[in-house]
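Q: Kindly return the folded structure for what I paste below:
(one chain, ligands or ions: 2)
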Amino acid sequence: MPEHTFMLNGVRVTVDVAGDVRLLWVLRDVLGVTGPKYGCGVDVCKACTSHLNGKAFRPCSVPVGELRPDDEVTTIEGLPATVGRPLHPMQEAWIDHDVVQCGYCQPGQIMAAVDLVRRVAAEGRAITDADLDGIRNICRCGTYSRIREAVRAGARNM
Ligand code: FES
Ligand code: FES
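A: Ligands and ions are numbered 1, 2, ... in the order given. Now for the predicted structure:
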């Protein structure tokens, strides 16, 4: 089988799998990185949201063969290292606002929130309700109101 190399949470990794295997399965089943969750497998639920070169993406919809050696994949496990702290400010906000219920959707929610805050900051403006509406990650426990509060709080500390 062909080898595929990319950066994962700051470390170069090489996997020996078919190129059409989607990245979520490579992360979870080959590399043992289970923060990105499997929900739908077809880019709908957003439970697997992670970052590719600093931007949110869904690894369930990207074949591993499309990654280039210098592509940087960041999962929730690697998020704190992006700010050089034990926890990212968005994770601290999640704890402060006691967001989590079952927890299954939450890594994806946090990764989507960080991406949103970065995009809004790049535009030099504050987060709006419409921005928060744009986070389409599904939470079957219905923690949406706490998520919105935590995103605003996390944004203040990013
Ligand atoms: S598992 Fe990736 S979007 Fe649902
Ligand atoms: S906290 Fe249970 S699915 Fe979101």
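
Q: pretty sure T49 is touching R58, no?
A: Yes: counting by CB atoms under 8 Å, R58 is a contact partner of T49 at 6.0 Å. C-betas here are computed from N, CA, C, even on glycine.

Q: Helix, strand or coil: sort out the residue lying closest to C105 once chain neighbours are set aside for me.
A: Using CB to CB, 6 or more residues apart in numbering and skipping the chain neighbours, the partner closest in space to C105 is C139 (4.6 Å). Counting by DSSP: H, G, I helix; E, B strand; the rest coil, the backbone at C139 sits in coil.

Q: between T49 and R58, which one's more packed in?
A: Set T49 next to R58 and count neighbours by other CB atoms under 10 Å: T49 wins out with 29 against 26.

Q: Can you report how many residues lie near the residue nearest to the more buried one when sequence neighbours are not counted?
A: Leaving aside its sequence neighbours, T49 sits nearest to G108 (CB to CB, 6+ apart; 3.8 Å). Residues contacting G108 under the criterion other CB under 10 Å number 26.

Q: Would you check that G108 makes contact with K46?
A: Yes: using CB under 8 Å, G108 is in contact with K46, at 5.2 Å.

Q: what's the overlap in contacts for these two?
A: N137 (CB atoms under 8 Å, 6 or more residues apart in numbering).

Q: Helices of the chain, residue ranges please.
A: For the chain, the helices defined by DSSP state H cover 23-25, 89-96, 106-122, 129-133, 144-156.

Q: Can you work out which other helices and strands pack against the fourth one?
A: When contacts are defined as 3 or more CB pairs under 8 Å, 6 or more residues apart in numbering; DSSP states H and E, helix 129-133 packs onto helix 106-122, helix 144-156.
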